[in-house]
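Asks: missing the sequence, but the structure's below:
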Ligand code: SF4
């Protein structure tokens, strides 16, 4: 029996399907390369924006068109719109987020016996990106109430994974030759608050550093509050990737208040200064929403100016889309579509400028790249593509397939958001 996994949205969704794949493999299933050859297709959906919901529907249609025999839909879109999801041709079950951890046993109609992770090791999932990096879920849900956010509705209260279980998955990944793990969660900084004891995310990271040997540990998106004083000091350990994705959402204090975010622009500025005082070249990336209800010209100008000042290494800009069930969906002062588009373009231009400036400083320098993809294109050898510790996207030619290896690369060109370089022979 074969299962094919597909996913839309965040790294947490990716982490979840990696775990489900382990459950199915432990139960004797194998992983299919595509939907057509699978007995069962599992799709982990997303609803963070209207576009993500549309992508989720599209994935279900694609699986059905590919001739999938049984399609199971889970994730945020399926949780918020179960009837709609169930109505799609080929869908045999909708598994809400709160039952996702038992998805494999539900589908197999029997409980999955506790299994030793070790003999399974990690195998990158085919069909997604065959990522070398392993995404590991350490936390789910959120106790905050950001007024635009549908994720907290779909995922419920914050729940942390015990550090021993996280370590088990890290060791599995390590034994599967994984060089980089990405710790993922909805609100990572709240890790530990629901567990007995006083442990916080810093303690989890210290514990993983002390008990594993994986070469790189990266954090996925982390909300810019709830971080204790010693948090960034941990990055003295070179195994921690100096890359921080800190969603700002807006640089206007008034808009932040309407969003019910837990920080002010001043606090965010302080956090960024704290990182840069320890790691001047760390990559700080962000998410931004433009056209939030009631966003005036003045607020948008403040936001734009703040983003310019932060000199982000990159980021995503989203035009606000009202999500049903969230407080902001009922707010007055909608920003019309063409104005939101204009603001989005202006914000993207500012981000692109600072991203390019960040990248240019690495021209002529030597960086370490973990190769994520490789293809043999011609006589020159292998076209490789990978990531540095600070999340720069680098390509190079290799004489052999270096997939999942880390090499030193001298950057020779920075163009269109991609760095190219020459691999230095060791
Ligand atoms: S912190 Fe806010 S945006 Fe992030 S998951 Fe929680 S409610 Fe949503």
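Replies: Yep, it's here. Since we're looking at a predicted model, the values are computed, not measured.
Asks: Check this structure for its longest helix and report it.
Replies: Ordering each helix of the chain by length in residues (DSSP state H) puts helix 337-360 first.
Asks: For stretch 372-388, buried residues please.
Replies: By neighbour count with 16 or more other C-beta atoms under 10 Å, stretch 372-388 contains the buried residues 372, 374, 381, 382, 384, 385, 386, 387, 388. C-beta here means a position set from N, CA and C on the backbone, and glycine is covered the same way.
Asks: Identify the residues contacting the last one.
Replies: With C-beta atoms under 8 Å, 6 or more residues apart in numbering as the criterion, the residues that contact residue 388 are 367, 368, 369, 370, 394.
Asks: Repeat the analysis, applying 7 Å as the threshold.
Replies: Contact analysis of residue 388 by C-beta atoms under 7 Å, 6 or more residues apart in numbering lists 367, 368, 369, 394.
Asks: any idea how far it lies from residue 272?
Replies: 20 Å (C-beta to C-beta, to the nearest Å).
Asks: any residues touching the longest helix of the chain, and which ones?
Replies: 283, 288, 290-291, 300, 304, 307-308, 311-315, 317, 319-320, 392, 414, 417, 419.
Asks: what about residue 93, is that helix, strand or coil?
Replies: strand (DSSP: H, G, I helix; E, B strand; the rest coil).
Asks: residue contacts, the spatially closest residue to it that is not a sequence neighbour?
Replies: Excluding the flanking residues, the one nearest residue 93 by C-beta to C-beta, 6 or more residues apart in numbering is residue 72, at 4.8 Å. Shown in contact with residue 72 (C-beta under 7 Å, 6+ apart): 40, 42, 92, 93, 95, 107.
Asks: Could you turn the buried ones of those into a ChimeraX selection?
Replies: Filtering those down to the buried ones (16+ other C-beta under 10 Å) takes a single ChimeraX command:
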select :40,42,93,95,107
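Asks: Which members of the contacts of residue 72 are the farthest-apart pair?
Replies: Across the contacts of residue 72, the longest distance by C-beta to C-beta is 12.1 Å; it joins 40 and 95.
Asks: quick revisit: show the subsequent helix or strand relative to the longest helix of the chain.
Replies: Moving toward the C-terminus from helix 337-360, the first helix or strand encountered (DSSP states H and E) is strand 366-378.
Asks: The helix or strand following that next one: how far from the chain's middle?
Replies: Counting by DSSP H and E, the next helix or strand C-terminal to strand 366-378 is strand 381-387. Relative to its chain's centre, strand 381-387 lies at 22 Å (C-alpha atoms, centre = their mean, to the nearest Å).
Asks: Parallel or antiparallel, list what pairs with strand 381-387.
Replies: Taking DSSP bridges as the criterion, strand 381-387 pairs within the sheet with strand 366-378 (antiparallel), strand 393-398 (antiparallel).
Asks: Nearest to the ligand, out of those?
Replies: Of all the strands paired with strand 381-387, strand 393-398 sits nearest to the ligand, with 25.5 Å by C-beta to the nearest ligand atom.
Asks: what comes into contact with the closest one?
Replies: 367, 369, 380-388, 409, 417-423.
Asks: Let's see that with 6 Å instead.
Replies: Under the contact criterion C-beta atoms under 6 Å, 6 or more residues apart in numbering, strand 393-398 has outside partners 369, 380-382, 384-386, 409, 418-421, 423.
Asks: min pLDDT across the residues you listed, which one?
Replies: Note: of the contacts of strand 393-398, the lowest pLDDT belongs to residue 380, at 71.
Asks: Please give me every residue in contact with that one.
Replies: Residues in contact with residue 380, defined by C-beta under 6 Å, 6+ apart, are residue 397.
Asks: Make residue 1 into 38 and carry on from there
Replies: Yep, numbering from 38; the last one is residue 417 now.
Asks: ok, it to the ligand distance?
Replies: Between residue 417 and the ligand the computed distance is 45 Å (C-beta to the nearest ligand atom, to the nearest Å).
Asks: next one: phi and psi at that residue?
Replies: Backbone torsions of residue 417, given as degrees, to the nearest 10, read phi -60, psi -20.
Asks: from memory residue 97 sits against residue 125, does it?
Replies: Yes: here residue 97 reaches residue 125: they are 4.7 Å apart, a contact under C-beta atoms under 6 Å.
Asks: In terms of neighbours, single out the busier of these two.
Replies: A count of neighbours by other C-beta atoms under 10 Å puts residue 97 above the other of residue 97 and residue 125, at 25 against 15.
Asks: what about the more buried one, which SS state?
Replies: Going by three-state DSSP: residue 97 is helix.
Asks: Could you pull up the contacting residues of it?
Replies: Taking C-beta under 6 Å, 6+ apart, we find residue 97 in contact with residue 125.
Asks: If you count neighbours, what's buried in the helix or strand harbouring residue 451?
Replies: Using DSSP H and E, residue 451 maps to strand 443-452. By neighbour count on 16+ other C-beta under 10 Å, the buried set for strand 443-452 is 443, 444, 446, 448, 451.
Asks: where in this protein is pLDDT low?
Replies: Within the chain, the stretches with pLDDT under 70 are 149-168, 463.
Asks: Could you tell me which residues of it lie near the ligand?
Replies: Residues of the chain that fall close to the ligand, judged by C-beta under 6 Å from any ligand atom: 179, 181, 183, 186, 188, 189, 223, 224, 260.
Asks: Looking at these, state which has the most neighbours.
Replies: Highest neighbour count within those, by other C-beta under 10 Å: residue 223, with 25 neighbours.
Asks: ok, now how distant is that one from residue 199?
Replies: 17 Å.
Asks: OK, now which residue of the stretch 238-387 of the chain is nearest to the ligand?
Replies: Nearest residue of the stretch 238-387 of the chain to the ligand (C-beta to the nearest ligand atom) works out as residue 260 at 4.7 Å.
Asks: now that residue, what's its secondary structure?
Replies: Applying three-state DSSP: residue 260 is coil.
Asks: re earlier: export the residues of the chain next to the ligand to JSON lines and tack on secondary structure?
Replies: As requested, these are exported to JSON lines (three-state DSSP):
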{"residue": "179", "secondary structure": "coil"}
{"residue": "181", "secondary structure": "coil"}
{"residue": "183", "secondary structure": "coil"}
{"residue": "186", "secondary structure": "coil"}
{"residue": "188", "secondary structure": "helix"}
{"residue": "189", "secondary structure": "helix"}
{"residue": "223", "secondary structure": "coil"}
{"residue": "224", "secondary structure": "coil"}
{"residue": "260", "secondary structure": "coil"}
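Asks: thinking again about what came up before, among the contacts of helix 374-397, which lie within strands?
Replies: 320, 325, 327, 351, 352, 354, 356, 451, 456 (DSSP state E).
Asks: elements contacting the host helix or strand of residue 203?
Replies: Using DSSP H and E, residue 203 sits in helix 200-212. Helix 200-212 sits against helix 238-248, with contacts defined as 3 or more C-beta pairs under 6 Å, 6 or more residues apart in numbering; DSSP states H and E.
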